[in-house]
Every structure is written in structure tokens, then in C-alpha cells.
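> structure of the sequence below:
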Amino acid sequence: MGNRQDQNSGTTAVREQHRFDEARLARWMEENVAGYAGPLTVEQFKGGQSNPTYKLVTPGRSYVLRRKPPGQLIKGAHAVEREARVLSALATVDFPVARVHGLCTDDSVIGTWFYVMDMVEGRIFWDATFPEVSRDDRPAYFDAMNATLAQLHGIDPEAIGLGDYGKPGNFFERQIGRWTKQYHDDVEAGRNADMDALIGWLEAHMPAQAGEVRITHGDFRCDNMIFHPTEPRVIAVLDWELSTLGDPLSDFAYHLMMYRLAPPVATGIAGADLAALNIPSEADYVAAYCARTGRAGIGNLQFYTAFNIFRLAAIIHGIKGRVVRGTAASAHARDMAAKFPALAAAGWLAAQGG
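Now for the predicted structure:
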């Protein structure tokens, strides 16, 4: 997994297709970011493919800029204004997120909408077995992830001004409809028999909307959070692009997929010797989340698991379409696109109880 660390960690020169007028950005920073002082140097993070992500370096401090990618976009995708909104709201209740300094909805500054937030210094673990951590400390890191997601699901969206952050009605019906349409519409990326079977199964087994509606992260995994430099503590959760209001148990089941999937298909620990690594079992991890959120258990886990693998497969299918059309040209995007058939197969297997 060291290669994944190398592929995603750190920064590089700004890619040709993602360049912009840095002097225009510096002027915007002067006018909109309290305490900003140049000169400004712009680098691009290797990770964060969907919304290009940049490191803004000044003599006093560093910031992070997330923007919509240039070019033709799917309606509703790459909604950086939603990311900025949810980050700002969560900061009001001390949930670990980076502080947002400003949102720009003027395309004339760098070409697309963007927002600027704090650069949080800490550790990102790209391998879900946490190889950099001692065996004795490993359970504490898993517990930190578990506690952070339980904290998110304990927040009342209405109380922090996010009561309208997702649409009303059946979350699963809406999500399955949205991703199925995107899958069907993306003709260039092609069809897949496992994906077609999985969609049919999900439509036939959709549960009624759960009573509880919470903020869902949508992509909660170890490499989307920053841990404290030395402690087993999450200090910032990243990448809120897929966040909405929905079923917290589905959000937890997405995170739980790490037990069902493994590299190179996804950031996971399937097939790893959990006892030797001192990583909690899936059952223990579920029990810890249930204890924190006051639940006796999780019904419909089979559906939640199949649904989450489907959604991940649909996202990868979209990346495959962008690779085919030439709008996502990086080696990372090509590698992601190649994972689609294996993910579709894993989703269909999960639907059948595998």
C-alpha cells in the first residue's frame, strides 16, 4: 500500500488542466480571508481527484482550496458550496472539521467556484490496517473513527441550520434513482451485468425510510480524515462532497465496508489477519457504534452493504466515463476506473448475502 501513500500524499506542481490566474486568487484572498498575508505559492494535492484541491502557502500559514473542476459537469455534482456550508455548520458544534474562510461563487476569479479552508496538520492513513501504528495502539485508532462517526450521527441537523441540507422522502429511493440514472446515462462507460442485477435487487429490497434522519458524510473512511500528529484522535474529517441528510445506519454501513473490501478495489482490510494486527472484529466494531448511538443492533445490514457498494461502483463508473471522454486523464483516474467491474461484482455478491 506504500504506492497508494505515494500516489495520494503530498503536493505536486499544479496540473496543466487545473491552472488558473494565481494573482487573481491572491487579490481575492486579500479581500476575503481575515489575516491573509502574501506572497502566495500554489501547489496541487495529489489526492482529491473529483474536486481539484490545492495547497495555498504563505509565509505565515497554509490554506487549502477546493474547487469545481473545469469543463462540462454533471448537474448537482462537485457542489463545493454544499461542502463549505456543512463544514461551517459542523464547526459550530465542535465537530472535527477544518475552518472555512470563504466561498467564491464568481467564476471570473479562477474559472470555477471554490472555497478556502484551514490546512490542518496531522496524519492521513492510506492503508486501513494502520501499519504505521503500533499493535497495542491500533484499537484506539479504530475506536477514534467509530466515535467520530457516532458523534456526527448524534447531531440534530435542524439545530445547526442544516434541516434542508437533503431532500425529504425516501433516501434510498432517491439515491438509487440518482445513481442508476447516472449509470444508464453514461453510455460511453458501458453497462455491466453484475451492476444491472444489483440495481434490480436493490429496487426490489428497498426498506421504508428509517425514522431517523441525520447528516451523512457519504465517504467516511480512514483516508478521509486527519489524525492528530501523535495521538489516536481525529482532528479533521475531509471530503464532504457526498454529504447529505439521510439514514445514519447506511452511512455507518459504508464505513463498515472496510471489512468487506480490500485494496486495490477500496481502502479496506478484507483478508487481513485482524487478530494478529489487533484490529477489532466487524461484530465488535458494530457493537461499539451501537453502544455509542443507543441501538440494540442494525437490521437490514445486508441491504445497507449492497447499497453502499453499488453507490461506490456508480461513482467509479462515472470516473470511467470521464476517462473515456478524456476529462479525467490522470493515471489515478484510470486506475480507479479499472476497479469498476470488481466493485460491481462485490455489490452483487453482497446482495446475495456473500
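
> what's the helix or strand for residue 279?
Assigned by DSSP states H and E, residue 279 belongs to no helix or strand.

> quick one: it from residue 61, how far?
Between residue 279 and residue 61 the computed distance is 36 Å (C-beta to C-beta, to the nearest Å). No exception for glycine: its C-beta is placed from N, CA and C like everyone else's.

> these two - which one has more neighbours?
residue 279 (23 against 12; other C-beta atoms under 10 Å).

> surely that one meets residue 138?
Yes. Counting by C-beta atoms under 8 Å, residue 279 touches residue 138, with 5.9 Å between them.

> need the overlap of contacts for those two.
Counting by C-beta atoms under 8 Å, 6 or more residues apart in numbering, the shared contacts of residue 279 and residue 138 are residue 130.

> and residue 240, what's its pLDDT?
What the model reports as pLDDT for residue 240 is 94.

> give the contact list for residue 63.
So residue 63 contacts 29, 33, 55-56, 101, 116-119 (C-beta under 8 Å, 6+ apart).

> let me know the closest of the residues you listed to residue 45.
Nearest to residue 45 among the contacts of residue 63 is residue 55, at 6.2 Å by C-beta to C-beta.

> in what helix or strand does that closest one lie?
Per DSSP H and E: strand 53-57 holds residue 55.

> try residue 42
Going by DSSP H and E, residue 42 is part of strand 41-45.

> tell me which strands that strand pairs with, and in which orientation.
Here strand 41-45 has these sheet partners by DSSP bridges: strand 11-12 (antiparallel), strand 53-57 (antiparallel).

> re earlier: now do the strand holding residue 55: distance to the chain's middle.
How far strand 53-57 lies from its chain's middle: 19 Å, per C-alpha atoms, centre = their mean, to the nearest Å.

> quick one, whichever helix or strand comes after it and strand 41-45 angle?
Beyond strand 53-57 on the C-terminal side, the first helix or strand identified by DSSP H and E is strand 62-67. Interaxial angle of strand 62-67 relative to strand 41-45 (axes from the mean of the first three to the mean of the last three C-alpha atoms, to 10 degrees): 60 degrees.

> sort out which residues of strand 62-67 are buried, please.
Going by neighbour count (16 or more other C-beta atoms under 10 Å), the buried part of strand 62-67 is 63-67.

> CSV for these, including distance to residue 187?
Formatted as CSV, the buried residues of strand 62-67 follow (distance: C-beta to C-beta, whole Å):
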residue, distance to residue 187
63, 40
64, 35
65, 33
66, 29
67, 28
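
> do you know how far residue 25 is from residue 112?
12 Å.

> got the domain ranges for the protein?
For the chain, automatic domain parsing gives the domain ranges 2-118, 138-351.

> can you tell me which of those is nearest to residue 124?
Closest to residue 124 of the domains of the chain is domain 138-351 (C-beta to C-beta; 5.8 Å).

> distance between the ends of the closest one?
31 Å (C-alpha to C-alpha, to the nearest Å).

> starting at the chain centroid, how far to that domain?
Averaging C-alpha positions (C-alpha atoms, centre = their mean) puts domain 138-351 8 Å from its chain's average.

> only alpha carbons, please: show stretch 196-213 as CSV.
This file holds the C-alpha atoms of stretch 196-213, laid out as CSV (Å, rounded to 0.1, in the frame of the first residue of the first chain):
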residue,chain,number,x,y,z
ASP,A,196,-27.6,-4.4,-13.7
ALA,A,197,-28.5,-7.4,-11.4
LEU,A,198,-27.5,-5.4,-8.3
ILE,A,199,-29.8,-2.4,-9.3
GLY,A,200,-32.7,-4.8,-9.8
TRP,A,201,-32.1,-6.4,-6.4
LEU,A,202,-31.9,-3.1,-4.6
GLU,A,203,-35.1,-1.8,-6.2
ALA,A,204,-36.9,-4.9,-5.0
HIS,A,205,-35.5,-4.9,-1.4
MET,A,206,-35.6,-1.2,-0.6
PRO,A,207,-36.6,-0.6,3.1
ALA,A,208,-39.0,2.0,4.2
GLN,A,209,-37.4,5.3,5.2
ALA,A,210,-35.9,5.0,8.7
GLY,A,211,-37.4,7.3,11.3
GLU,A,212,-34.1,9.0,12.0
VAL,A,213,-32.6,11.5,9.5
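
> residues of it that come out buried?
Quick answer for stretch 196-213 (16+ other C-beta under 10 Å): 197-199, 201-202, 206-207, 209-210, 213.

> need these in JSON lines (columns: secondary structure).
Below are these laid out as JSON lines (DSSP: H, G, I helix; E, B strand; the rest coil):
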{"residue": "197", "secondary structure": "helix"}
{"residue": "198", "secondary structure": "helix"}
{"residue": "199", "secondary structure": "helix"}
{"residue": "201", "secondary structure": "helix"}
{"residue": "202", "secondary structure": "helix"}
{"residue": "206", "secondary structure": "coil"}
{"residue": "207", "secondary structure": "coil"}
{"residue": "209", "secondary structure": "coil"}
{"residue": "210", "secondary structure": "coil"}
{"residue": "213", "secondary structure": "coil"}
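
> good, we can wrap up now.
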